[in-house]
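**Q** From the sequence below, what's the structure:
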Amino acid sequence: MSLKSICSQYIFSQMSGAELKSRIRELDLTVGRNLRALRRSRGLSQKQVAEAIGVTMQQFQKYETAANRISVSRMLLVADVLNAHPSEIIDGAFSGTLAAPHQGQMQIIADSIGADPK
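**A** Down below sits the predicted model:
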């Protein structure tokens with residue numbers, strides 16, 4: 001396991017349950033907004049994308065509104081249908097507290113476990 005991964009786990013472990021739930025909700029909403037923006041920019045309907053990935057239009061609508069969380073495998077299918085890179089779907093989802101730990105946080109954690117942050 002990489003130090004960056006260990007640091008991310010440490011940061012998440014320091015959040016309260018409510019704070020973590022809120023951050024995860026923000027991530028889901030960002031992914032949903034990106035799905036909608038990409039779909040619209042390609043001139044496709046929810047029904048067209050849904051049929052192409054094998055779900056109902058209602059299910060795809062739930063992905064876009066973050067009522068349901070989209071799986072990684074389904075997200076990859078959507079990216080393929082939209083002729084988009086998967087990173088376009090998650091773009092902006094890891095800002096703020098959900099971002100990868102910055103070097104200062106990594107150094108503090110590395111010092112506490114006796115590791116090199118690089």
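
**Q** Let's verify Asn68: helix, strand, or coil?
**A** Reducing the assignment to helix, strand or coil with DSSP: H, G, I helix; E, B strand; the rest coil, the entry for Asn68 is coil.

**Q** Check which residues of the longest helix seen in the chain are buried.
**A** For the chain, the helix that runs over the most residues, judged by DSSP state H, is helix 17-41. Judged by neighbour count using 16 or more other C-beta atoms under 10 Å, the buried positions of helix 17-41 are 23, 26-28, 30-36, 38-39. Where you see a C-beta, it was placed from the backbone N, CA and C, and this is true even at glycine.

**Q** To what extent is the nearest residue in space to Val78 that is not next to it in sequence buried, counted in neighbours?
**A** The spatial neighbour of Val78 that comes closest, neighbours along the chain excluded (C-beta to C-beta, 6 or more residues apart in numbering), is Ile53 at 5.8 Å. Each residue near Ile53 was counted by other C-beta atoms under 10 Å, and the total is 20.

**Q** ok, now which ones touch Ile53?
**A** Ile53 makes contact with 60, 74, 77-78, 81 under the criterion C-beta atoms under 8 Å, 6 or more residues apart in numbering.

**Q** Cross these against helices and list the overlap.
**A** Filtering the contacts of Ile53 for helices - DSSP H - leaves 60, 74, 77-78, 81.
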